[in-house]
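Asks: Task: produce atomic coordinates for the following.
(chains A, B, C and D)
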Number of protein chains: 2
Amino acid sequence: MKTEAAQSRRRRAPEATRLALVEATIDLVRTAGVHATTVDRICATAGVTKGAFFHYFPSKEDVLEAAILHWCQGRVELYGRDLGDTADDPLVRLERMLDGLAASVRVPGEKTACLLGMVAQELAGSNNRVRTLCERMLEGWTDFVAGLLAEAKRRHPPAVDFDPRDVAWMLNSLWQGSLLAAKTRRDPELVAANLEHARAYLSGFFDKRSPP
Amino acid sequence: MKTEAAQSRRRRAPEATRLALVEATIDLVRTAGVHATTVDRICATAGVTKGAFFHYFPSKEDVLEAAILHWCQGRVELYGRDLGDTADDPLVRLERMLDGLAASVRVPGEKTACLLGMVAQELAGSNNRVRTLCERMLEGWTDFVAGLLAEAKRRHPPAVDFDPRDVAWMLNSLWQGSLLAAKTRRDPELVAANLEHARAYLSGFFDKRSPP
DNA sequence: CCCCCAGCATACCATTTGGTACGTATGAAA
DNA sequence: TTTCATACGTACCAAATGGTATGCTGGGGG
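Replies: Below is the predicted model:
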């Protein structure tokens, strides 16, 4: 961890310090959950003191929200690259997305956990502010996938009809549940196996070869 | 909450007191998570004092484990009833299971949360004892479903081959993820919709009508 | 009838936690 | 060169938390 904010202690680098705190939060929450991630530990991981922490964030809840935003933005960028050109066939882009997701849990040092899932599971029942934010983020991702599915329907009239948003939510749910199960079993390959089922299910809709 | 253990304060009812503590733990953890569920709150909900708590459980982790065991036993009994006779067609029993799961989130006062999922999400990365217990419980459920699927394969040779355990893990993952998403969106119907996709996927395997 | 131990209740404790008060260093502007 | 707001660091605090020590109490065995 210990970003450059640690070394350049008294050197002014506000953005770097803030980012270090946000990334430390992401890292800690993903491994231990929200409540087990204390402000002190965030500071220690980021290499700054409490004074710095509360200079940037009025409360612990505020770093959490910043962390969620930063995390989701990062994921959008990551998967966005994987998907390739927007002009490509939506079905191909969908395939690339599944490949990208499977690949993301196979990265050696990477934890098998989604920040959004961790936070939502822990706080959805008790903190409505955070719950709403998680809902918005989940919805964003689902909308994107639903868009791909809708475009795929238009370009490749499916053999069986389906509701894009409905299917997108199913994929999102399966993804979250897969991470949960994989982490519990300590077997990232479970995610890949589940994504293969998702792929098979999707291909069931479009199974007659369609014109380019 | 407040079970009869509250009223019969000085009345000796060891089993009732223990059960009250376990059920209070289940209830609280399902809504707020593990770390947010304090020993004090468990005691208050169960209507007993800390002295009683530590008389039955050496530590907080021990109630948690007892809660997990009790919860899983309760679920096995609940769904066991829904499935009907063991001699029935496994495919029919599978359908009943999906119906039972969908129904379980529609119960009016019921929370949209699985104790196992909550605990696993929060502790799998930090507490190996509890993680292992959760893994065993998840595996138990998966084995059961895999057994049904294997029996279904035997009785109704499927059009497309599949690995029962693999599919069972997928269903388990989808279930957990659906609860997570439904809780975040505050929409239990999402679970039902996702289970319909599961049903459709399964029927894809057995889609040619087979003899009774 | 008395004793004694399981089954609680009460009071307390050390540590941790989120948060505050306030001091100090830095660099850019005047 | 002085000024001054920003960007931190240090020292502290009240509350919460998991856990302990110890005392009381009722009912079943002797």
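Asks: Pop the domain breakdown of chain A in here.
Replies: A:1-57, A:65-205 (automatic domain parsing).
Asks: Can you lay out these as a markdown table showing mean pLDDT?
Replies: Formatted as a markdown table, the domains of chain A follow (pLDDT from 0 to 100):
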| stretch | mean pLDDT |
| --- | --- |
| domain A:1-57 | 85 |
| domain A:65-205 | 96 |
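Asks: could you dump those to JSON lines with mean neighbour count?
Replies: Any C-beta I mention is one placed from the backbone N, CA and C, and that applies to glycine too. Formatted as JSON lines, the domains of chain A follow (neighbours: other C-beta atoms under 10 Å in any protein chain shown):
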{"stretch": "domain A:1-57", "mean neighbour count": "18"}
{"stretch": "domain A:65-205", "mean neighbour count": "18"}
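Asks: ok, A:Ser173 to B:Leu94 distance?
Replies: Noted for A:Ser173: a distance of 19 Å to B:Leu94, by C-beta to C-beta, to the nearest Å.
Asks: before we move on, back to that, dump the domains of chain A into JSON lines; add distance to DNA strand C as well.
Replies: JSON lines is the format used below for the domains of chain A (distance: least, C-beta to the nearest atom of the strand, whole Å):
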{"stretch": "domain A:1-57", "distance to DNA strand C": "3"}
{"stretch": "domain A:65-205", "distance to DNA strand C": "12"}
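Asks: Now render those domains as a markdown table, adding distance to B:Asn194.
Replies: Below are the domains of chain A laid out as a markdown table (distance: least, C-beta to C-beta, whole Å):
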| stretch | distance to B:Asn194 |
| --- | --- |
| domain A:1-57 | 24 |
| domain A:65-205 | 5 |
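Asks: nearest to DNA strand D, of those domains?
Replies: domain A:1-57 (1.9 Å; C-beta to the nearest atom of the strand).
Asks: surely A:Ala198 meets A:Leu98?
Replies: Yes - using C-beta atoms under 8 Å, A:Ala198 is in contact with A:Leu98, at 6.5 Å.
Asks: who does the helix or strand containing A:Trp71 touch, helix- and strand-wise?
Replies: A:Trp71 is part of helix A:60-83, with elements assigned from DSSP states H and E. Helices and strands touching helix A:60-83, by 3 or more C-beta pairs under 8 Å, 6 or more residues apart in numbering or on different chains; DSSP states H and E, are helix A:14-32, helix A:90-104, helix A:115-123, helix A:128-155.
Asks: who's in contact with the shortest one?
Replies: With C-beta atoms under 8 Å, 6 or more residues apart in numbering or on different chains as the test, helix A:115-123 has contacts from A:26, A:29-30, A:33-35, A:64, A:67-68, A:71-72, A:130-131, A:134, A:137-138, A:176, A:179-180, B:33, B:35-36, B:117-118, B:121-122, B:180, B:183-184.
Asks: A:Glu189: what's its closest spatial neighbour, skipping adjacent residues?
Replies: Leaving aside its sequence neighbours, A:Glu189 sits nearest to A:Ala182 (C-beta to C-beta, 6 or more residues apart in numbering or on different chains; 7.7 Å).
Asks: any idea how far the one you found is from B:Pro164?
Replies: Distance from A:Ala182 to B:Pro164, by C-beta to C-beta: 19 Å.
Asks: A:Cys134 reaches A:Ile68, doesn't it?
Replies: Yes - between A:Cys134 and A:Ile68 there is a contact at 6.9 Å, judged by C-beta under 8 Å.
Asks: one step back: run the angle between the helix holding A:Trp71 and helix A:115-123 for me.
Replies: Going by axes from the mean of the first three to the mean of the last three C-alpha atoms, to 10 degrees, helix A:60-83 is angled at 150 degrees with respect to helix A:115-123.
Asks: Just want the angle from helix A:60-83 to helix A:128-155.
Replies: Using the same axes, to 10 degrees: helix A:60-83 against helix A:128-155 is 10 degrees.
Asks: picking up where we left off before, measure the residue nearest to A:Glu189 to A:Arg106 for me?
Replies: 11 Å.
Asks: Quickly list what's touching both of these two.
Replies: With C-beta under 8 Å, 6+ apart, A:Ala182 and A:Arg106 have common neighbours A:Pro188.
Asks: Need the phi and psi values for A:Thr49.
Replies: In terms of degrees, to the nearest 10, the main-chain angles of A:Thr49 are phi -100, psi 170.
Asks: For it, which residues are in contact?
Replies: A:Cys43.
Asks: try A:Val105
Replies: Counting by C-beta under 8 Å, 6+ apart, A:Val105 touches A:112, A:179, A:182, A:188, A:191-192.
Asks: Name the nearest of those relative to B:Ala44.
Replies: Checking the contacts of A:Val105 against B:Ala44 by C-beta to C-beta gives A:Leu179 as the nearest, at 33.8 Å.
Asks: Does the closest one lie in a helix or a strand, and which?
Replies: Assigned by DSSP H and E, A:Leu179 falls in helix A:164-185.
Asks: Helix A:90-104 and that helix, what's the angle between them?
Replies: 20 degrees.
Asks: Pull helix A:164-185 out as PDB, backbone CA atoms only.
Replies: The C-alpha coordinates for helix A:164-185 follow below in PDB (Å, rounded to 0.1, in the frame of the first residue of the first chain):
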ATOM      1  CA  PRO A 164     -33.200  -6.900 -21.300                       C
ATOM      2  CA  ARG A 165     -33.400  -5.100 -17.900                       C
ATOM      3  CA  ASP A 166     -34.700  -8.300 -16.200                       C
ATOM      4  CA  VAL A 167     -31.900 -10.400 -17.700                       C
ATOM      5  CA  ALA A 168     -29.300  -7.700 -16.800                       C
ATOM      6  CA  TRP A 169     -30.400  -7.700 -13.200                       C
ATOM      7  CA  MET A 170     -30.100 -11.500 -13.200                       C
ATOM      8  CA  LEU A 171     -26.500 -11.200 -14.500                       C
ATOM      9  CA  ASN A 172     -25.700  -8.600 -11.900                       C
ATOM     10  CA  SER A 173     -27.100 -10.800  -9.100                       C
ATOM     11  CA  LEU A 174     -25.300 -13.800 -10.300                       C
ATOM     12  CA  TRP A 175     -22.100 -11.900 -10.400                       C
ATOM     13  CA  GLN A 176     -22.400 -10.700  -6.900                       C
ATOM     14  CA  GLY A 177     -23.500 -14.100  -5.600                       C
ATOM     15  CA  SER A 178     -20.600 -15.700  -7.400                       C
ATOM     16  CA  LEU A 179     -18.100 -13.400  -5.700                       C
ATOM     17  CA  LEU A 180     -19.700 -14.200  -2.400                       C
ATOM     18  CA  ALA A 181     -19.600 -18.000  -2.900                       C
ATOM     19  CA  ALA A 182     -16.100 -17.900  -4.400                       C
ATOM     20  CA  LYS A 183     -14.700 -16.000  -1.500                       C
ATOM     21  CA  THR A 184     -16.300 -18.300   1.000                       C
ATOM     22  CA  ARG A 185     -15.000 -21.400  -0.800                       C
END
